[in-house]
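>>> Output the structure for:
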Amino acid sequence: MTQALAGEPLRVLEERGGWARVETTYAYPGWARRADLGGEPDPDWLRPVAGEPLEYARSLLGAPYEWGGMTARGIDCSGLVHVSFRACGLLVPRDADQQEDAGERLREDELRPGDLVTYGPPERADHVAFWLGAGRILHATGRADAAGVVCEPEPAELRARRRALVRLGAGAALAWRR
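Model (predicted):
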C-alpha cells in the first residue's frame, strides 16, 4: 500500500467499473478511482527541491505515522526514505526490503549521516531508518511512545533486529530503474 502523489505519472493497466489498476514509475501497483486520475502528469514531478535526502527527512520531523503514507500528513518509514530521495530528484524503491536490496552494503565503521539502517527478521527488512551518527536515527515509527517522524537514539529493540547498513545514491537509484 502506498500513496500516489499529485502529478506523479501512473500507468493504467486496466479499467473496471469506474476503477483503474495503475502502476507507479517505481513499479508499485494499486487501484484508483478513474475519476481521481487527472490529466497529464506533471513533467517536473521528480524536480529536486532539496539538496540532500537527510535534509528533506528532517523537514518532516513531527509528521504523524501512517502506514503507506508519503506526505507530511502521514508517512511510514520507507515512505520517508522514498520521498526524501525523491525530493532530491532521485527515484528509489518504495519499500524497506527493496531499499535494502538497492543500496551499497556498508560496515559499521563506514556509516555516515544519511546512510540507511534496515531492520527485520532474516527473511526481509520490514523497517528502515536514516543514520544520524553517534548512535542516533531518524525514522517514522508507529510506536505508541514516539509515533511519527522522530530523531532518537537507536532503540534497543530495533538494534537487536538490525539487518543491514546501506548507502543509497544516484548510482543505486539509476541501477534500480534499469
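>>> From here on, just use CA atoms for contacts and neighbour counts.
Fine.
>>> Could you measure from R34 over to T2?
17 Å (CA to CA, to the nearest Å).
>>> go on, L80?
Distance from L80 to T2, by CA to CA: 12 Å.
>>> Give the residue from these two that has the larger number of neighbours.
L80 (30 against 18; other CA atoms under 10 Å).
>>> which regions of the protein sit below the pLDDT cut-off?
1, 170-178 (pLDDT under 70).
>>> where along this protein do the helices fall?
53-59, 77-86, 96-102, 156-159, 170-177 (DSSP state H).
>>> before we move on, the earlier item: residues that sit against both of L80 and T2, list them.
The contact sets of L80 and T2 overlap at M70 (CA atoms under 8 Å, 6 or more residues apart in numbering).
>>> and A32, how many neighbours?
If you count neighbours by other CA under 10 Å, A32 ends up with 15.
>>> Thought E23 was touching it, still the case?
No: applying CA atoms under 8 Å as the test, A32 and E23 come out as separate, 10.1 Å apart.
>>> re earlier: switch the helices of the chain over to JSON lines; also include distance to G135.
Below are the helices of the chain laid out as JSON lines (distance: least, CA to CA, whole Å):
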{"stretch": "helix 53-59", "distance to G135": "16"}
{"stretch": "helix 77-86", "distance to G135": "18"}
{"stretch": "helix 96-102", "distance to G135": "19"}
{"stretch": "helix 156-159", "distance to G135": "10"}
{"stretch": "helix 170-177", "distance to G135": "25"}
